[in-house]
Structure formats: structure tokens, C-alpha cells
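*Asks:* One predicted model, sequence on top.
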Amino acid sequence: MTILSTDELDLLFSPAFTLSEELKVQYFNPALSTLLQLPPRKIKEQKVKELFPLDERFWNDLKERTQEQGSAISEEIDFSIGSENYTFVFRLKKVDSLILCVSNDLSVEKSLHGKYREQLELLKKSHQQVVQADKVRALGELTAGISHEINNPLTVASGNNELLGFALETEDLNEQREILTQCHGNIDEALTRIQTIIAGMKGFLHQDSQGEDKKEYIELKSVIDNSLKLTQGTLDSASIKSVVNIPEGGHVVLGNQTRLEQIVINLIQNATDSMRDAGVLNPTLKIDLKRNPEKHQISLNISDNGPGVSTEVKDQIFENFFTTKEMGKGTGLGLSLCQKIAEDHQGSLRLIDKEGGAHFELCLPIIEVSSFASNDEIFSKLNDIHGKKILVVDNDVTILNLCQKFMESTSFIFIGSTGGEEALEVLNKYDVDAVITDLNMPGIDGSTFVKHLRQSYGPVPVFYLSDTSGMDQYKKDKEALNLSGMLVKPFKSSELVSLLEEAFKG
């Protein structure tokens, strides 16, 4: 703090004053008089504790620090004068035998920040309501198809129930055992199908502020399967053939399953409406997944052979409230919400130029980077994060989600990978402190993966992850591959954490 003259202090808009050794006001500028709403005679030579409604220890502490260090700055402190509330920071500096105090009034900034937070919360709630309204609208449009999907198993259950009634009328039920068993199985299967459809509807509609933000490792195949279950009736009613292409291998991302399903359902519904309204012959919907290792992305592509998106509107389709549907048939929010959901997953949703039909591509970061971002620039910061980084390699997403949950309350940083090849890429680019790998994985198994690891990445602690059937392989590889231990499935959080803590002792 620069030492100011009395003339310069008088020009300040912030209250400023000098204090004696006894913390009495010696000189003050007009801003202090205005703040305290007191005449000069009631300020000069008054103890500062009498002027500001603050604890005496507050001023004594600042005085001691100023005398020891030459200057001191207080924390933000709240107080009231009359009916007004203030937030100040006091800056003190020793000047000869006096202490100069210049205050920074943060009251306006704090008030604006509070209002900003309130507006942000309102916007968040409004966004959640819009998202929920779009879900309700989507299910409303799918009602006829869902009704058809439920009616089919209901018809099966009703018919088999009637057959059961006929069979029960016979005197010897043993003769009817085969048909009774068959009818029971058919009814059970039909009711399970209905339960699955209703559970899918409830899961899609379920809304809570925490659930919308919760992300876990999920297979995109399950997103596609669940979305098709809810839209199959609509596709059937429009005689639309669906072709799904999912190559072998994991297509795992970190995301919210319900929100990603909302994107897929919206895109399927838009394609259905477009092809049905245009009267397309042999309408076809194609869904396929592609893994792009170079870009560290997985793309989910949905295309159709309908009329496509006209050149005139393709730049507007992701704008809020823009729709090509008739009044009352579309809100114009579907695609804009879908794009926002994609961005919340560090991904993107875009329209691909295509002759004959529409083609939308949803790109999401692969599992190895999806916890952080979809590009190397941000993910590379992982090397600078404080804490032990643990790479868990398993093709089962339930195990990855479990390990992530177990490490949430610890200082360990979780990194997930679904296969040996992908895990080797992570080790090649980023510093990892320990590795836990499943033994039985498609492609490179756990043992082969560790052999490659040892050839290139040194003495990082490595643990096998398997049920008791993997114990023989662990004993065989323990010395040869310098293994640090084995985590036996099923395992508890305490077992995982203890294993890692033991590895890093000393």
C-alpha cells in the first residue's frame, strides 16, 4: 500500500484514517464520516472499537501484525451500521508512530455476487424444467407406439391365461402339465416385457437435480438398446426398418445414461416424423457406433433415407425454439437441448452433410479421457494433479464404476480403461502411480498386458484383479512380472483402499 498524503486521503471514496498506539483515530477523510454517519467531533480521538461494531480482538490482532510485519490485511468482515450491511477489507500500514488504515468496501460486489448466484440457481432450475418438459413431450409423441408395445405382451398373457383356464377344467392336471408349464412361461415372459417397458419409461422421466448431473461409466450399446425399446412401437407403426451396427469391442463413456438416451430418442423421433410425413418408400433408420482412437472419441451416428435437412434451415436447427414442424407439434427445443447435453459430456452433436436423408453424429470422449475432457491439452493436466493416480483396467463397466465410487472418498485419483491396448496408450502419455488389471479380458488379457507394461514402463506397482480362479496365474506371474498383489472379486472398498495404501507405504 503506497503511503498517501492527507490531501490524497481526502480524495479517496473509501474510508481512510490513521490510528495512534492506543488505536485512537487521529486523522480521517470525509468518506469515513459519511460511512459512520457521525460529525467529525465524534470521530477524532475516539477508539476505533467504539466506531466500528467489531470485536476489540480484531483490531488488536491487526495492530500486532502491522507492528511486526510493517503491514497487515484483514479478511473480509461483515458488519452493520444502522440498517445498512457492509463487507469490508481493512489494509493497515505502519507510518512512523501511527498506523494508516485504508478500507476496501466490497459490499456492492458481494451483493451483486449473491444476486448472480440466485439468478444462476433460477436458471439451473429453469433449465431442468425445460429438460423435463422435453422428456414428457418425447414420451407423449411415443405414447401410441408404447401402447402398441404393451398391448402385444398383454394379448399374449391374456391368451395364455385363457388356455390355462381350459387346462384347469380337466380332471387330471398331470396330463396338462406341459401346456400349464408353457402357458406359465409365456405369461411370465409377457409380464416381464411389460415391466421392462414401464421401467424404461420411469427411468427416462425420473428427475432430480443430483441425478441429472450424476455420471458413471456406461456402454453406449445399452443407451441404444434402451432408446430402441421405447421407440420400437413408433418405428413399427411407421413401418420403419432399423439397422443397428455395433462393432465388437468396448464403447464405454463417462456419462448420464438417461440424458444420453434423451439425445438418441429425440433423433430417432425426428427421423421417424420426417420419413413418415414425406411418405418415404422403404423407410430405414441406421444407427452405428465408431471408435476413433486418433481423436480419442466414440461417435454414435443416426441417419435415415428421408428428405433430409434443407440448406435453408441447416444453420438454424440447433437454435432454441426453431422448428420445421407445424404449430403445436414441436417445441423447437429438442435439438438445442440435445446439443447442450452433448456439451455437458465434453462432446458434440452435429449435422453431417449427406445426400438423401439426414445424418446426425454424437461424438463423446472415450473412457480413458472422458473424466477430464475430449482433448489432450486438458487431459495432459492430469500429470500435474496432486495425488496417486490409479489406472484400473477392466472390460466390465460395473467394476470400473465400483472402483471409481470406492476411491471418491480417498486421495487416490481414479482412471478407468476397458482394455489392454487402450491402457498401454494411457501409460505411454501420462504418469500413473499404480495399475490394477483384470486377468480375463478380450484382446490382450491381463497377463499379456502386464508383460508389455514391464517392457516399457518400469517398476510401477501392478495388481491382478480376478476371482479365485485367477490365483494360479497370479502365483505363476508374481515373480516373473514383479506383481505387488492381487485383488480378489468380490471385494469391499476397505480391501481396495488397504491394498493401495500398503503399496505406497514409505
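*Replies:* Yep, that arrived.
*Asks:* Please count neighbours and contacts with C-alpha atoms only from this point.
*Replies:* Noted.
*Asks:* tally of neighbours for Val280?
*Replies:* By the criterion of other CA atoms under 10 Å, Val280 has 14 neighbours.
*Asks:* what's the nearest residue to it once chain neighbours are set aside in contact with, if anything?
*Replies:* Leaving aside its chain neighbours, Val280 sits nearest to Gly306 (6.2 Å; criterion: CA to CA, 6 or more residues apart in numbering). Gly306 sits next to Ala271, Ser274, Met275, Ala278, Val280, Pro283, Gly356, Gly357, Ala358 when contact means CA atoms under 8 Å, 6 or more residues apart in numbering.
*Asks:* ok, Ile390 touching Thr437?
*Replies:* No: when contacts are counted by CA atoms under 8 Å, Ile390 is not listed as touching Thr437 (10.5 Å).
*Asks:* Compare these two (neighbour count), which wins?
*Replies:* The neighbour comparison of Ile390 against Thr437 (other CA under 10 Å) goes to Thr437, with 28 against 23.
*Asks:* So that one, which state does it fall into?
*Replies:* For Thr437, the assignment made with DSSP: H, G, I helix; E, B strand; the rest coil gives strand.
*Asks:* Any idea what it is bridged to?
*Replies:* Val393, Tyr464 (DSSP bridges).
*Asks:* any idea of the pLDDT on it?
*Replies:* On pLDDT, Thr437 comes in at 94.
*Asks:* can you check the one 4 residues further on too?
*Replies:* If you check Met441, the pLDDT there is 86.
*Asks:* do Lys24 as well
*Replies:* If you check Lys24, the pLDDT there is 92.
*Asks:* can you count the residues close to it?
*Replies:* Close neighbours of Lys24, defined as other CA under 10 Å, add up to 20.
*Asks:* ditto for the one 5 residues further on
*Replies:* Here the neighbour count serves as a burial measure; for Asn29 (other CA under 10 Å) it reads 21.
*Asks:* quick one, what contacts it?
*Replies:* With contacts defined as CA under 8 Å, 6+ apart, the neighbours of Asn29 are Thr6, Leu9, Asp10, Leu11, Leu12, Pro15, Ala16, Phe17.
*Asks:* The last one should be in a helix, yeah?
*Replies:* Yep, that's Phe17 we're talking about. No: Phe17 sits outside any helix when classified using three-state DSSP, being strand.
*Asks:* What's the separation between it and Leu36?
*Replies:* According to CA to CA, to the nearest Å, Phe17 and Leu36 sit 13 Å apart.
*Asks:* between those two, which one's more packed in?
*Replies:* Using other CA under 10 Å as the criterion, Phe17 and Leu36 rank with Phe17 on top: 24 against 15.
*Asks:* I'd guessed that one sits against Lys24; true?
*Replies:* No: using CA under 8 Å, Phe17 makes no contact with Lys24, being 9.9 Å away.
*Asks:* ok so, going back, assign the residue nearest to Val280 to helix, strand or coil.
*Replies:* Three-state call for Gly306 (three-state DSSP): coil.
*Asks:* low pLDDT regions in this structure?
*Replies:* The model of the chain has pLDDT under 70 over residues 1-4, 114, 124-153, 155-156, 193, 196-197, 199-213, 320-334, 368-386, 506.
*Asks:* ok, and for the lengthiest strand in the chain, which residues are buried?
*Replies:* Determined from DSSP state E, the single longest strand within the chain is strand 84-95. In terms of neighbour count (16 or more other CA atoms under 10 Å), strand 84-95 has its buried residues at Tyr86, Thr87, Phe88, Val89, Phe90, Arg91, Leu92, Lys93, Lys94.
*Asks:* residues in contact with the fifth one?
*Replies:* This means Phe90. Ile73, Ser74, Glu75, Cys101, Val102, Ser103, Asn104.
*Asks:* Closest one to Pro461 out of those, please.
*Replies:* Checking the contacts of Phe90 against Pro461 by CA to CA gives Glu75 as the nearest, at 44.9 Å.
*Asks:* How is the chain divided into domains?
*Replies:* Segmentation of the chain into domains, based on automatic domain parsing, reads 6-105, 120-369, 385-503.
*Asks:* distance of the residue lying farthest from the centre of the chain from Glu162?
*Replies:* In the chain, counting by CA atoms, centre = their mean, Glu171 sits farthest out from the average C-alpha position, at 62.0 Å. Using CA to CA, Glu171 is found at 17 Å from Glu162.
*Asks:* Am I right that Ser484 is in contact with Pro459?
*Replies:* No: the pair Ser484 / Pro459 is not scored as a contact, 10.0 Å apart, by CA under 8 Å.
*Asks:* The two: which is more packed in?
*Replies:* A direct count of neighbours by other CA under 10 Å for Ser484 and Pro459 places Ser484 higher, at 19 against 14.
*Asks:* Could you pull up the residues touching that one?
*Replies:* Pro461, Val462, Phe463, Lys478, Ala503.
*Asks:* Report the contact partners of the third one.
*Replies:* Shown in contact with Phe463 (CA under 8 Å, 6+ apart): Val435, Ile436, Thr437, Leu483, Ser484, Gly485, Met486, Leu487.
*Asks:* likewise the first one?
*Replies:* When contacts are counted by CA under 8 Å, 6+ apart, Pro461 touches Asp433, Ala434, Val435, Leu483, Ser484, Ala503.
*Asks:* isn't Gly357 right next to Asp304, touching?
*Replies:* Yes: using CA under 8 Å, Gly357 makes contact with Asp304 at a distance of 5.2 Å.
*Asks:* Return the residues in contact with Val276.
*Replies:* Wrong residue type there; residue 276 is Arg, not Val. Ala238.
*Asks:* How many neighbouring residues does Pro490 have?
*Replies:* For Pro490, using other CA under 10 Å, the count is 10.
*Asks:* ok, and the closest non-adjacent residue to it?
*Replies:* Using CA to CA, 6+ apart and skipping residues adjacent in sequence, the residue nearest Pro490 is Asp467, 7.0 Å away.
*Asks:* Just want the phi and psi numbers for the one you found.
*Replies:* Here is the backbone geometry of Asp467 (degrees, to the nearest 10): phi -80, psi -170.
*Asks:* surely it meets Tyr474?
*Replies:* No: assessed by CA under 8 Å, Asp467 is found out of contact with Tyr474, at 10.9 Å.
*Asks:* So which of the two has more stuff around it?
*Replies:* Legend: neighbour count by other CA under 10 Å for Asp467 and Tyr474, higher for Tyr474 (21 against 15).
*Asks:* roughly how far apart are that one and Ser447?
*Replies:* 9 Å.
*Asks:* what pairs with Asn245 across the strands?
*Replies:* Counting by DSSP bridges, the residues bridging with Asn245 are Asp288.
*Asks:* so what does the helix or strand containing Leu499 touch, helix or strand wise?
*Replies:* Leu499 is part of helix 493-503 when elements are defined by DSSP states H and E. Applying 3 or more CA pairs under 8 Å, 6 or more residues apart in numbering; DSSP states H and E, one finds that helix 493-503 makes contact with helix 397-407, strand 485-488.
*Asks:* ranges for the helices of the stretch 1-150 of the chain?
*Replies:* Using DSSP state H, counting those that start in this stretch, the helices assigned to the stretch 1-150 of the chain run over residues 6-11, 30-36, 48-51, 56-69, 107-168.
*Asks:* No more questions from me, cheers.
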